[in-house]
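# Below is the sequence, then the predicted model.
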Number of protein chains: 2
Amino acid sequence: MSVGIRHDDLRRRNRAMVISAVRRAGQPSRTEIAATTGLSHSTISAISADLIQEGILAESKASEPTALKRGRPQIGLALNPEAAAVLTVVLSLNFLSVAVIDYAGQVVSEEQHRLDTLVMPRDELIGECMAIVRRRLQDPDLDVGSVARIAMGIQGITDTHSRAMLWSPITPLTDIPFADLLEKEFGIPATTENDCNMMAVALQWRDPERYRDDFIAILLSHGIGMGLVLKGALFTGTHSSGGEFGHMIHRPGGALCRCGRRGCVEAYAGNYAIWRSAMGISEDATPTDVGDADMRALAAKARQQDGPEREAYRRAGEALGFSLGSLFALIDPAPVAMVGVSAAAFDLIEPALREAIAQTAGGQHSESISFDTEPNELPLIREGCAMRALTFVDQEIFAPGGQARAGKHVE
Amino acid sequence: MSVGIRHDDLRRRNRAMVISAVRRAGQPSRTEIAATTGLSHSTISAISADLIQEGILAESKASEPTALKRGRPQIGLALNPEAAAVLTVVLSLNFLSVAVIDYAGQVVSEEQHRLDTLVMPRDELIGECMAIVRRRLQDPDLDVGSVARIAMGIQGITDTHSRAMLWSPITPLTDIPFADLLEKEFGIPATTENDCNMMAVALQWRDPERYRDDFIAILLSHGIGMGLVLKGALFTGTHSSGGEFGHMIHRPGGALCRCGRRGCVEAYAGNYAIWRSAMGISEDATPTDVGDADMRALAAKARQQDGPEREAYRRAGEALGFSLGSLFALIDPAPVAMVGVSAAAFDLIEPALREAIAQTAGGQHSESISFDTEPNELPLIREGCAMRALTFVDQEIFAPGGQARAGKHVE
DNA sequence: AGGCTTTTTTTCGAGCCTCAAAAAAATATT
DNA sequence: AATATTTTTTTGAGGCTCGAAAAAAAGCCT
């Protein structure tokens, strides 16, 4: 049952709120923080004095060219980059990348690595992940505060508590508890996050104007994934990362999907599905991975002339449109960001998509639904992981105490 | 942006928590409240003294046959039935019902009324609603505390803020701001709620064991509706009541739905759709309303022998199964309550439903998905409205102050 | 019956937290 | 140099929750 508010929670929450206001605003003055949080100046003054004394915030000496105004000039408060650091791990098809990020959000160090995820045995895959993290952690250049959190973004389904990868299209392996493995190996709290969810988190930070309370990030790549933000919060399943938009049923008993089932959206709109359709291969054929370059070539050909290639994109658009319509029937329409290599071919997809969505209950105002595209998902996933980890540090380490009161931060 | 916690919010929230604990538990002692809320005994003592003094709670003199225990006996705290009252209005196809309910949740007075919703002009429909409410409010037997809240449950789509009915299958009229009309007429704060959402709320109170954090209530009637509770909270769309499960697309371009579109789940599983299919009427035929008695007869016939009737239910099950599978792909599987006249025929629907759902990503563990049935939706809707209104009184009237601090309750 | 034990509830003082108002600080304007 | 303006800090008051201790209200035991 929901629990009462203890007296100590008050300061904790307001501390977290101040930190969050600074992270969001960049260099707000105390007065600005008071305005956005609704707390009094004295409270903000007290809390920020604490945070500065603890080395979490710092007064920004950086002489911003503030407009000349009468009165005492505002002093900007900024996150102290050295207060902590976080580490992101992004594991996607045949690709592993790691970055160390300081408390202010700047990349300090990074490393990337190609590997054959599809065929690697379990121990080797885990070993590679651990090894690349270890190398980054032992980097002598790394003099930023100790790494306080690891966020791993994985293409695939994770559990609600962000502990494990349950299933992934990039490997036949299942149920790898990456978070536990990382914590055990490095003694640093870690989470395992779904890639599309991290895309959504990143978009929220990148463009809070457009992606604020309700929006959808859809990954158009080998598979079809979705990250969903509703009422300002990331939407996840009750047991898993959820939002498996790609496996909503478009046509019962239809085309063969990579997941082994039939008729999923992905079986019409995933890279392999578009390819299969364009090449005139049977819908029952086992999906094969198609390189990004091949997909770009396919899109170019589809643009050049009408033919099976263009028809393949049309069918993908139709599948996406009807399924988005079904989704919108549940949650109401929201802005959409199309991410991934096939988002670069969205011009080929959009007409059929809009035509389909207009035939659904969720697409009632289909012309007002806006789409944005972003061809490269990896930077988004990393940014999302970074923000996930950083906000964890903000809330759980620098404003600790929730239920199990953690050790106090000592200066 | 999220707002800081003021000092006065603390007491307010804990007050609300105590009230909520009492409503949930029935007659908890102070000690029990302290345990469930996590607050200290002294705090509970102080808050409950206030609440008793204000006439919101009362010590239950009712000599419960508590097991003989050593020590000072616990004093049960109960809601004071006379602290306030709420009024529920349920408007469904050709039927209007109103009830007055005391603060403890007991029905004090009620009235029901048949009317032709499908053909009534706007003014008349609104007039009937206002008249029946006025009669109940003026009932001389009504000596319970003044009515503090009205909750109206309507079959159809409402807006997020529960102010208006946007669209409904029971009338060609649209955009009726019932909440505003009621408030203006009677000066009592009111809301307009979606019927299926209220069903879900009621189930949560009726059987909190089974329907706690994640579950689905599906109305199988003329149309197909859904109320969805995720992570303990009612799920609504971003602009409307949302959860229009009945208008997810089952077969793109398929059977004609009552909403004018094609291929919706409802066009296969709504009463009219089952009837149409059983009678061998074309899928393109305009939907007609079918009486409950006819539906019961149809189900009986389907049970009796294999034939087009049984096949119609099978097709309904298939549509429901694939769509539930798509839904579960998004939110993960959860317990389902089937409500409404066709829920009584769930035995005819279930086999095909399970077969279909097993073919979807969301139905991975389809055998573990459990269904419960409840043929009568009206009592559920009324209960849901009652609890909705009562918890509003709990939180907004008896623990006021959120942002715009309301006048304090004076004894 | 009367004292003892057990459990619940209330009382009381301490420690925090937030807030409003006043004071201090820092700069532009006159 | 004095004044005006705006931001930040200081200070005292009031409220809230908590822990400990006291009070209350029973059953238990001799």
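In hand now; what should we look at? Numbers count the residues shown, from 1 in each chain, chains lettered A, B, ... in the order given.
# And the contacts of stretch A:250-266?
A:169, A:222-224, A:245-249, A:267-268, A:270, A:272-273, A:283-287, A:319-320, A:322-323, B:250-252, B:318, B:322, B:356, B:359-361 (CB atoms under 8 Å, 6 or more residues apart in numbering or on different chains). Placement of C-beta: from N, CA and C, glycine included.
# Run through these and flag the ones next to DNA strand C.
Among the contacts of stretch A:250-266, no residue is within reach of DNA strand C (CB under 7 Å from any atom of the strand).
# Quick check: mean pLDDT of stretch A:158-171?
Confidence for stretch A:158-171, expressed as mean pLDDT, is 95.
# got the buried residues for stretch A:69-89?
A:76-81, A:83-89 (16 or more other CB atoms under 10 Å in any protein chain shown).
# Make JSON lines out of those and add distance to DNA strand C and secondary structure.
Listed next are those as JSON lines, based on distance: CB to the nearest atom of the strand, whole Å; DSSP: H, G, I helix; E, B strand; the rest coil:
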{"residue": "A:76", "distance to DNA strand C": "13", "secondary structure": "strand"}
{"residue": "A:77", "distance to DNA strand C": "15", "secondary structure": "strand"}
{"residue": "A:78", "distance to DNA strand C": "18", "secondary structure": "strand"}
{"residue": "A:79", "distance to DNA strand C": "20", "secondary structure": "strand"}
{"residue": "A:80", "distance to DNA strand C": "21", "secondary structure": "coil"}
{"residue": "A:81", "distance to DNA strand C": "24", "secondary structure": "helix"}
{"residue": "A:83", "distance to DNA strand C": "20", "secondary structure": "helix"}
{"residue": "A:84", "distance to DNA strand C": "22", "secondary structure": "coil"}
{"residue": "A:85", "distance to DNA strand C": "27", "secondary structure": "strand"}
{"residue": "A:86", "distance to DNA strand C": "26", "secondary structure": "strand"}
{"residue": "A:87", "distance to DNA strand C": "31", "secondary structure": "strand"}
{"residue": "A:88", "distance to DNA strand C": "32", "secondary structure": "strand"}
{"residue": "A:89", "distance to DNA strand C": "36", "secondary structure": "strand"}
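# before we move on, which element is residue A:378 in?
Secondary structure from DSSP states H and E places residue A:378 in helix A:377-392.
# What separation do you get for residue A:379 and residue A:128?
21 Å (CB to CB, to the nearest Å).
# what about stretch A:319-329, near chain B?
Yes - counting by CB under 8 Å from any CB of the partner chain, chain B is contacted by stretch A:319-329 at A:322, A:323, A:325, A:326, A:327, A:329.
# Return the set of buried residues in stretch A:295-311.
Neighbour-count burial for stretch A:295-311 [16+ other CB under 10 Å]: A:295, A:298, A:299, A:302, A:309, A:310.
# correct me, but the fifth one touches residue A:302?
Going back to what we said before, that points to residue A:309. Yes - Residue A:309 lies in contact with residue A:302 (CB atoms under 8 Å); the separation is 3.8 Å.
# Which neighbours do the two have in common?
residue A:278.
# which residues touch residue A:122?
Per CB under 8 Å, 6+ apart, neighbours of residue A:122: A:173, A:176.
# Which helix or strand contains residue A:10?
Residue A:10 belongs to helix A:7-25, assigned by DSSP H and E.
# Could you see whether DNA strand D lies near that helix?
Yes - shown here: helix A:7-25 in contact with DNA strand D (CB under 7 Å from any atom of the strand) through residue A:7.
# and whatever helix or strand comes next after that helix with DNA strand C, contact?
Following helix A:7-25 in sequence order, the next helix or strand is helix A:30-37 (DSSP H and E). No - contact of helix A:30-37 with DNA strand C is not found when judged by CB under 7 Å from any atom of the strand; the minimum separation is 8.2 Å.
# List the contacts of helix A:30-37.
By CB under 8 Å, 6+ apart, helix A:30-37 touches A:14, A:17-18, A:21-22, A:25, A:28, A:39-41, A:43-45, A:48, A:74-75, A:77, B:1, B:3-4.
# Got the phi and psi for residue A:173?
As for residue A:173, its main-chain torsions (degrees, to the nearest 10) stand at phi -70, psi 150.
# how much space is there between it and residue A:155?
13 Å.
# Those two: which has the busier surroundings?
For residue A:173 versus residue A:155, neighbours defined as other CB atoms under 10 Å in any protein chain shown are more numerous around residue A:155 (25 against 16).
# Does anything pack onto the helix holding residue A:378? Which helices or strands?
helix A:7-25, strand A:85-92, strand A:95-102, strand A:147-154, strand A:190-194, helix A:195-206 (3 or more CB pairs under 8 Å, 6 or more residues apart in numbering or on different chains; DSSP states H and E).
# what does the longest one contact?
To tie it back to what came earlier, the one meant is helix A:7-25. So helix A:7-25 is in contact with A:28, A:32-33, A:36-37, A:39, A:43-44, A:47-48, A:50-51, A:56-57, A:77-79, A:105, A:208, A:390-391, A:394-395, A:398-402, B:1-5, B:7, B:10, going by CB under 8 Å, 6+ apart.
# Give the ChimeraX command for selecting the buried subset of these.
This is the ChimeraX syntax for the buried subset of those, where burial follows 16+ other CB under 10 Å:
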select /A:28,32,33,36,37,39,43,44,47,48,51,56,57,77,78,79,105,390,391,394,395,398,399,400,401 /B:4,5,10
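# circling back: tell me the one among the buried residues of stretch A:69-89 nearest to chain B.
residue A:77 (15.6 Å; CB to the nearest CB).
# show me the contacts for the closest one.
If you count contacts by CB under 8 Å, 6+ apart, then residue A:77 has A:22, A:27, A:28, A:29, A:30, A:33, A:48, A:52, A:57, A:58, A:59, A:60 around it.
# for residue A:312, same thing?
A:274, A:275, A:277, A:278, A:298, A:302.
# Columns pLDDT and secondary structure on top of those residues, output as TSV?
Below are the contacts of residue A:312 laid out as TSV (pLDDT from 0 to 100; DSSP: H, G, I helix; E, B strand; the rest coil):
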residue	pLDDT	secondary structure
A:274	98	helix
A:275	97	helix
A:277	97	helix
A:278	97	helix
A:298	97	helix
A:302	97	helix
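# The residues you listed: which ones sit near DNA strand C?
For DNA strand C, no contacts are drawn from the contacts of residue A:312 by CB under 7 Å from any atom of the strand.
# Looking at these, which is nearest residue A:239?
Nearest to residue A:239 among those: residue A:274, at 30.8 Å, using CB to CB.
# if I pick that closest one, what's in contact with it?
Counted by CB under 8 Å, 6+ apart, residue A:274 has contacts A:295, A:298, A:312, A:313, A:315, A:316, A:342.
# Okay then, goodbye and thanks.
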